[in-house]
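[1] need a 3D model of the following:
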Amino acid sequence: MKYEKSCGAIVYKKESNEIYILLVQMNRGHWSFPKGHMNLDETEEQTSMREIKEETNLKIEIVEGFRQTVTYLSDIYTMKEVIYVLAEPKSGILHRQETEIKSISWFKFENAIAKLSYDKDKEILKQALLQIKKVTPNKETYKK
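    Residues are numbered from 1 along each chain as shown. All right, here's what the predicted structure looks like:
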């Protein structure tokens, strides 16, 4: 069996006491978090930062203390592991990678849960919210 590892991030911002989550709609139609394949010479955090930059044009800062793993069969021959970290945008204008991403947008937390295509992603987002509330109780974050 083949093994693939990808890394991505739950990217969030807080504005006017609302938490917004960045979601991407892949060209195949499903909504998820930005992520991509890990290169052999990268750490998980480096992959997450590179993939978010490639797919969304945002530079991110990873929030310590959050790491979630999803493992599944992507086809009958491939076991896929996806590592998610939690991150805040630090710079850049939101722009999608047109070759892979059909749509990209910020969603209020409740709308993000509803928009996500996979139950495992919904569960990860619920876990991310607990960490977000710990690290940014009243802090305003990135505005763009």
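
[2] what packs against the longest helix along the chain?
    For the chain, the longest helix by residue count, based on DSSP state H, is helix 119-135. For helix 119-135, the packing partners by 3 or more C-beta pairs under 8 Å, 6 or more residues apart in numbering; DSSP states H and E come out as strand 2-15, strand 18-26, strand 59-75, strand 78-91, helix 109-115. In this view, the C-beta of every residue, glycine as well, is placed from N, C-alpha and C.

[3] how about residue 109: what's its closest non-neighbour residue?
    Spatially, and ignoring its direct neighbours in sequence, residue 109 is nearest to residue 19 (4.8 Å; C-beta to C-beta, 6 or more residues apart in numbering).

[4] enumerate every residue touching that neighbour.
    With contact taken as C-beta atoms under 8 Å, 6 or more residues apart in numbering, residue 19 is in contact with 12, 13, 108, 109, 129, 132.

[5] identify whichever of the helices and strands packed on helix 119-135 lies nearest to residue 51.
    Closest of these to residue 51 is strand 2-15, at 5.8 Å (criterion: C-beta to C-beta).

[6] give the buried residues for that closest one.
    Within strand 2-15, the residues that count as buried by 16 or more other C-beta atoms under 10 Å are 5, 6, 7, 8, 9, 10, 11, 12, 13, 14.

[7] mind putting these in CSV, distance to residue 58 included?
    What follows is those, written out as CSV (distance: C-beta to C-beta, whole Å):
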residue, distance to residue 58
5, 22
6, 18
7, 15
8, 13
9, 10
10, 13
11, 7
12, 12
13, 10
14, 15
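
[8] from these, which shows the smallest pLDDT?
    Within the buried residues of strand 2-15, the minimum per-residue pLDDT falls on residue 14 (92).

[9] coming back round to it: just curious, which of the contacts of residue 19 is nearest to residue 37?
    The nearest member of these to residue 37, counting by C-beta to C-beta, is residue 12 at 23.2 Å.

[10] the closest one against residue 125, yeah?
    No. Assessed by C-beta atoms under 8 Å, residue 12 is found out of contact with residue 125, at 9.4 Å.

[11] give me the common contacts of the two.
    Counting by C-beta under 8 Å, 6+ apart, the contacts common to residue 12 and residue 125 are residue 21.
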